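**Student:** Next comes the sequence, and after it the predicted model I'd like to discuss.
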Amino acid sequence: MKTRYLLPGSWRPYGIVLTLTSVLVSICWLISGEDFPLAQINTYSYFDIPDWQFSDNIFSTGKGGTVVLNITDEILGIGIICGLFITGFSKLKIEDERIALIRLESLQWGIYVNFTVMVVCIIFVYDTWFLLVMIYNMFTPLFIFVARFYWLLYVSPAIEAKKERSLV
């Protein structure tokens, strides 16, 4: 079977390591609440806003100037997304129609779960928590896709063997 849009299979271990590292560092970062000093950059801001506050008008123009930003969360988010993408879309040793079907169904499940969580959150979650849930919901499709895909790859040989035994 020709797989045109999959990454080389040799990339999968790097994707797994990148995902696990980014998730573990993200959890530690969320627990500690401290930013990494090496992730600070200077950038120019067109607005004069000292801190993010919902009561301020964020579209008001100010004098602007240089602002020091810490991009720890951006780096960790990109690491999680890239790691999951590489892990989920790398070729396996044997790529056949069954693997393609499992990959497609897992991707469908990821989208279904993502939009289900989004609808539930739109109904039941408000204010700042809604923003936080939507940020974390951004990773849901890839997490569900990768988890279900590799779970079905792990479980499906046992299911096939059980079907064959029941036919005999």
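**Tutor:** Ah, there it is.

**Student:** Tell me how this structure divides into domains.
**Tutor:** Taking automatic domain parsing as the domain assignment, the ranges for the chain are 1-92, 96-168.

**Student:** low pLDDT regions in the chain?
**Tutor:** Counting by pLDDT under 70, the chain contains low-confidence ranges at 1-3, 45-65, 67, 158-168.

**Student:** What sits closest to Trp109 if chain neighbours are left out?
**Tutor:** Once flanking residues are discounted, Trp109 sits nearest to Arg148: 5.2 Å by Cβ to Cβ, 6 or more residues apart in numbering. For every residue, glycine as well, the C-beta is placed using N, CA and C.

**Student:** Mind telling me what element that neighbour is part of?
**Tutor:** Under DSSP states H and E, the secondary-structure element containing Arg148 is helix 140-167.

**Student:** residue contacts, Tyr139?
**Tutor:** Just to correct that, residue 139 is Phe rather than Tyr. In this structure, Phe139 makes contact with 77, 80-81, 84, judged by Cβ atoms under 8 Å, 6 or more residues apart in numbering.

**Student:** Dead centre of this structure: give me the residue that sits there.
**Tutor:** Among the residues of the chain, the one closest to the centroid is Phe139, at 2.9 Å (Cα atoms, centre = their mean).

**Student:** Now do that one against Gly79, distance only.
**Tutor:** From Phe139 across to Gly79, the span is 11 Å (Cβ to Cβ, to the nearest Å).

**Student:** And for Cys28?
**Tutor:** Noted for Cys28: a distance of 13 Å to Gly79, by Cβ to Cβ.

**Student:** Of those two, give the one with the bigger neighbour count.
**Tutor:** Applying other Cβ atoms under 10 Å to Cys28 and Gly79 shows that Gly79 carries more neighbours, namely 17 against 11.
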